[in-house]
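> Show me the folded form of this:
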Amino acid sequence: MGILTRLLQGAVAGLLATAPMSAVMLSWHRKLPWWQQGPLPPDRLTTRVLDSIGLKKLDDKGHQPLTWISHFGYGAASGSFYPIMGRLPLSPLVKGMLYGLIVWTGSYLGWIPAAGLLEPATEHPKQRNLLMIVAHLVWGATTAALFDLWNREPRSEVV
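Sure, this is the predicted structure:
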């Protein structure tokens, strides 16, 4: 199988895995103390990106769909790199969760604060960080499970 096919499979897996990740984020977000229930990172990032290109925050009719599109798009883009984990001698679940942590770390301690879009995770409340880490673990595990399902070696049946 070609590398482009594997990258596309990773992207589709990452896109689909963003749905359960989002469910975890939204359900856990409601359980945070009220003072930590501000907008989640996908919403904050969308606002900051719009601000950085000179657009003010859109009304909810425009902002929310853009937030979801960018969130799922980032899940797909991040998932496209999952195939690099393929050679690690770990179970798909462990590889996926490790990859989810890599994506969280690279994003919330790496490029996002470096680009000035959000403060680093070290400055976020502990419970919000835990929420985002768990959501990324779910995303990574789901991405890996889908990718593995599509790339399993066929079993030969013994008659």
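
> For the lowest-mean-pLDDT helix or strand in the chain, give me every contacting residue.
Within the chain, confidence by mean pLDDT, DSSP states H and E is lowest for helix 41-52 among all helices and strands, at a mean of 89. With Cβ atoms under 8 Å, 6 or more residues apart in numbering as the test, helix 41-52 has contacts from 38-39, 56-58, 63, 66-68, 70-71, 74, 108, 112, 116-118, 132. Where you see a C-beta, it was placed from the backbone N, CA and C, and this is true even at glycine.

> Report the distance from it to the chain centre.
16 Å (Cα atoms, centre = their mean, to the nearest Å).

> what angle do the next helix or strand along the chain from it and helix 41-52 make?
Counting by DSSP states H and E, the element after helix 41-52 in chain order, helix or strand, is helix 60-79. Interaxial angle, helix 60-79 versus helix 41-52 (axes from the mean of the first three to the mean of the last three Cα atoms, to 10 degrees): 110 degrees.

> how about helix 60-79: buried residues?
Neighbour-count burial for helix 60-79, counted by 16 or more other Cβ atoms under 10 Å, picks out Leu66, Thr67, Ser70, His71, Phe72, Tyr74, Gly75, Ala76, Ser78, Gly79.

> His124 - how many residues pack around it?
17 (other Cβ atoms under 10 Å).

> One more: the one 10 residues further on?
Val134 sits with 16 neighbouring residues when counted by other Cβ under 10 Å.

> secondary structure element for it?
helix 126-151.
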